[in-house]
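> Kindly generate the corresponding structure for this input.
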Amino acid sequence: MVAAIILWNTKYLEVAYTELRRQGRMINEDLLRHVAPLGWEHIGLTGDYVWSTADQSPTGTLRPLQQRQSLLAA
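This is a model prediction of the structure:
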């Protein structure tokens, strides 16, 4: 399960990086090696899971990135 979470988070990190570059944001390439896809804030490992098909993205697509400002942004 952990491997699946890491893979999924890595996929979204790639999408986020691509979007930031598309917006013209400068990304320090040296910092990328320190980015880990191990965040757990959005993961619930216990409990009941119910998914609505109305909330699903079309097959082969990802949900849109959240566009909130980071507290760490300068």
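> Grab the most central residue of this protein for me.
Y12 (3.5 Å; Cα atoms, centre = their mean).
> I figured it was touching V35, is that so?
No. Assessed by Cβ atoms under 8 Å, Y12 is found out of contact with V35, at 11.6 Å. C-betas here are computed from N, CA, C, even on glycine.
> just to revisit the earlier point, residues in contact with the helix or strand hosting the residue nearest to the centre of the chain: which ones?
Assigned by DSSP states H and E, Y12 belongs to helix 2-22. Outside helix 2-22, the residues that touch it by Cβ atoms under 8 Å, 6 or more residues apart in numbering are 27, 32, 35, 37-40, 43, 62, 65.
> P37: neighbour count?
Look at P37: counted by other Cβ atoms under 10 Å, it has 14 neighbours.
> Need the pLDDT of the closest residue to it other than its chain neighbours.
Distances taken as Cβ to Cβ, 6 or more residues apart in numbering place N9 nearest to P37, at 3.6 Å, with adjacent residues excluded. If you check N9, the pLDDT there is 85.
> Any regions of the protein where pLDDT drops low?
Applying pLDDT under 70 to the chain picks out residues 39-40, 42, 70-74.
> Tell me which residues touch S57, please.
R63.
> Now it: phi and psi?
phi -80, psi 160 (degrees, to the nearest 10).
> hang on, the earlier thing: so which of the contacts of helix 2-22 sit within helices?
Cross-referencing the contacts of helix 2-22 against helices under DSSP state H gives L32.
> Now the two most distant members of the contacts of helix 2-22.
I27 and I43 (25.3 Å; Cβ to Cβ).
> Great, nothing more from me.
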